[in-house]
Every structure is written in C-alpha cells, then in structure tokens.
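Student: Here is my input; please provide its structure:
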Amino acid sequence: MSEEEVPAEAPAVVEEVEMSVLDALKEVLEKAMIHGGLKKGLHECAKALDRRTARLCCLAKDCENAEYKKLIKGLCAEGEVHVVMVEAGKDLGAWCGLAKLDDDGSVKKAVRTSCAVITDFGEETRALSILLDYLQKQADAAEI
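Tutor: Below you'll find the predicted structure:
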C-alpha cells in the first residue's frame, strides 16, 4: 500500500477587517496611554497644546462650556493640531483609561473628560495609519 500524498495547504488568506475610524481612535488612545503620551483634562491639554508638543486632540461634542471648547479649538488652530470630535465625554474618558471595569472587562463607571491630547503615538500601528489617513482627507476636504 502506498501512502497518499497530501497536498500542502496553501496559507490561509487573512482578510483585513475594515477598521472604523472610531475603533482606530480607541486603539491609538490606548497605545498613547501605554507609552505615556496621553494628556487628559483642560489643564494638561492646554499645557501640551501651548508647548506645541500635541500631535492630536480629541474634544467631546457634549461639552457644555463654550469657553472650554473655544480655548481648545483656538490652541489647536494656532499649533496646527488636528481636532477629532467625539460624541460623549464619558466615552472619551473610558477610552483614556478613566473608567472602572467589571470582571468581564466592560465599563462599569467612567469619568467624563471633555478633552484629551496625544503627545506621543507610541508605535506605528494600522489603527494609527487609518486615523491619520482620515484626518488628511478631512483636511483636504476643508481646503476645497
């Protein structure tokens, strides 16, 4: 009896799942936090923007203080920093690590933050390139 030859299996093609800009932002914020490049709250963010060390700014749409928004947007415009608007401050706070988690990893209680600034992305990831591509398209669309 001869052994049947089993053809070598072709390597499985891994389909890249399309990552949304929001998922990319979450991952980029997490990487920045791990590498110590994430500033949260008005005081830290304003200092980073004023020193021109900020690379990206996230601002909550539900921030009720108009002067707060105006200050952050003005500092971002002055330093030519991209601003990403996030729907809720509670979400932004959770993404920045300002949350208590359940045993299963879901957010139990999140502290609201209206602003977060990234000064160091940490490492080059696919999420970062997706986010930067999105920001570049937004900037190009604004120029037209």
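Student: the strands in this structure, which residues?
Tutor: Remark: strands assigned in the chain by DSSP state E are 38-40, 56-60, 82-86, 99-101, 107-110, 115-118.
Student: Contacts only, for the spatially most central residue of the chain.
Tutor: The residue lying closest to the centre of the chain (CA atoms, centre = their mean) is L25, at 2.7 Å. Contact analysis of L25 by CB atoms under 8 Å, 6 or more residues apart in numbering lists C58, V84, V86, W95, A127, L131. To be clear about C-beta, it is placed using only N, CA and C from the backbone, and glycine gets the same treatment.
Student: Can I get the residues you listed in TSV including distance to L38 and pLDDT?
Tutor: Putting the contacts of L25 into TSV (distance: CB to CB, whole Å; pLDDT from 0 to 100) gives the following:
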residue	distance to L38	pLDDT
C58	10	91
V84	13	89
V86	14	88
W95	10	86
A127	15	87
L131	14	86
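Student: ranges for the helices of this structure?
Tutor: Taking DSSP state H to define them, one finds helices in the chain at 21-34, 41-50, 66-79, 89-95, 126-143.
Student: okay, now D50: neighbour count?
Tutor: Number of residues near D50 (other CB atoms under 10 Å) recorded here: 12.
Student: how about it, what does it touch?
Tutor: For D50, counting by CB under 8 Å, 6+ apart, the contacting residues are L75.
Student: looking at the strands of the chain, which is buried most?
Tutor: strand 115-118 (a mean of 28; mean count of other CB atoms under 10 Å).
Student: partners of that one, with directions?
Tutor: Sheet pairing here is set by DSSP bridges, and for strand 115-118 it gives strand 38-40 (antiparallel), strand 56-60 (antiparallel).
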